[in-house]
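Q: one predicted model, sequence on top.
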Amino acid sequence: MPALAGEAARPDKVSFYFAAHEDDWQLFMNPSAFEDVAGGAAKTVFVHVTAGDAGLGTGSGGRQHPYYLARENGAVSAMRFMADADRTLAPEAATHTTFNGHAVYRTSYGRTVGYFLRVPDGHPSGGGYGGTGWQSLRRLSEGQIGALTAIDRSAAYHGWSDLVGTVRAIMAYERDGARLLQINVADPDPRHNPGDHSDHLITSRLAVDAAADLGCVRRVYYVDYASARLPDNLDARQRDMESAVFAVTVAGVKAFDHVPDWRHYYQTYVGRNYFRVEEPAAACAASANAVAATQLPPAGP
């Protein structure tokens, strides 16, 4: 993986991974994420937009703990695992932090930061679930609903611009003066990433819209579900990194009494990491030592 994962340590780079659900970056954006945490970035920030609740809201589905908390525990466990690789244990913190007038759950561990906005899972179609009032990112972005409320009632976003403004405030805060801001998102181009989950695509749009006026932003677009139809492209070391992070994620979910379909996801997605890179303006790219390699196959007609 010669592009992002092979990039030298960058003290001037903060890398953001935008995930609609709490296992997206582990499956579709690894080992890129692991390499950033291991030293490719000064800080690596994971923004989880929906609660990944599958329509349960704060419910448990008959298990001991709410499903959304189990998924969050999987993501946080994975971040800790990467941050602890080859180094000692790091200080940990978790709290609600206010951005753009909204309380957002924030965790930090070493050089990793996690955000959980906890808005309702929107269903693959984008139409939402009855259990959470048919709310979804897609319906908010298209103006079909006027507000999108976090499942734990921690925040309500009134219109698309309100949600974008909140994410922009998070990005500006975590960037903290770094020269290069990198956003890692699902590829919105159906030629490269056909048939993706609606939440993945709208989360990508959210990140791009939020970063539009931040300056010196590299955009990295990943193939998500469609990667299942592409050949393995990771070497043994990279596959080990991806497998380990996903295994820790699954263990974190299981620790909260929920059972993910390990076999299906492992056999379908692990071993693949396809992306394309959109560099910032020439002057910024030159000063940031940007790379232009890609891991995408040629686009279809």
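A: Cool, the structure landed. No experiment lies behind these values; they were computed from the predicted model shown.

Q: hey, let's count contacts and neighbours off CA atoms from now on
A: OK.

Q: tell me the contacts of residue 132?
A: Residues counted as contacts of residue 132 (Cα atoms under 8 Å, 6 or more residues apart in numbering) are 55, 56, 57, 120, 151.

Q: hmm, try it at 7 Å
A: For residue 132, the contact set (Cα atoms under 7 Å, 6 or more residues apart in numbering) comprises 55, 57, 120.

Q: reformat those residues as JSON lines; add distance to residue 63, pLDDT and neighbour count.
A: Shown next, in JSON lines, are the contacts of residue 132 (distance: Cα to Cα, whole Å; pLDDT from 0 to 100; neighbours: other Cα atoms under 10 Å):
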{"residue": "55", "distance to residue 63": "15", "pLDDT": "97", "neighbour count": "23"}
{"residue": "57", "distance to residue 63": "14", "pLDDT": "98", "neighbour count": "24"}
{"residue": "120", "distance to residue 63": "19", "pLDDT": "98", "neighbour count": "32"}
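
Q: tell me how many other residues crowd residue 125.
A: 12 (other Cα atoms under 10 Å).

Q: pull the distance from stretch 31-39 to the chain's centre.
A: Taking Cα atoms, centre = their mean, to the nearest Å, one finds the center of stretch 31-39 at 13 Å from the center of the full chain.

Q: what's the mean pLDDT across that stretch?
A: Across stretch 31-39, pLDDT averages out at 95.

Q: ditto for stretch 70-79
A: 97.

Q: which residues sit against it?
A: 22, 23, 112, 245, 248, 249, 250, 251, 252, 253, 256, 258.

Q: how about TSV for those, with neighbour count, pLDDT and secondary structure added?
A: Below are the contacts of stretch 70-79 laid out as TSV (neighbours: other Cα atoms under 10 Å; pLDDT from 0 to 100; DSSP: H, G, I helix; E, B strand; the rest coil):
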residue	neighbour count	pLDDT	secondary structure
22	28	98	coil
23	21	96	coil
112	22	95	strand
245	28	97	helix
248	22	96	helix
249	28	97	helix
250	24	96	helix
251	21	96	helix
252	23	97	helix
253	22	97	helix
256	21	97	coil
258	22	96	coil
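
Q: farthest-separated two in these?
A: Greatest spacing in the contacts of stretch 70-79, by Cα to Cα: 112 and 258 (25.0 Å).

Q: so which of the contacts of residue 132 comes closest to residue 280?
A: Using Cα to Cα, the contacts of residue 132 come closest to residue 280 at residue 120, 32.3 Å.
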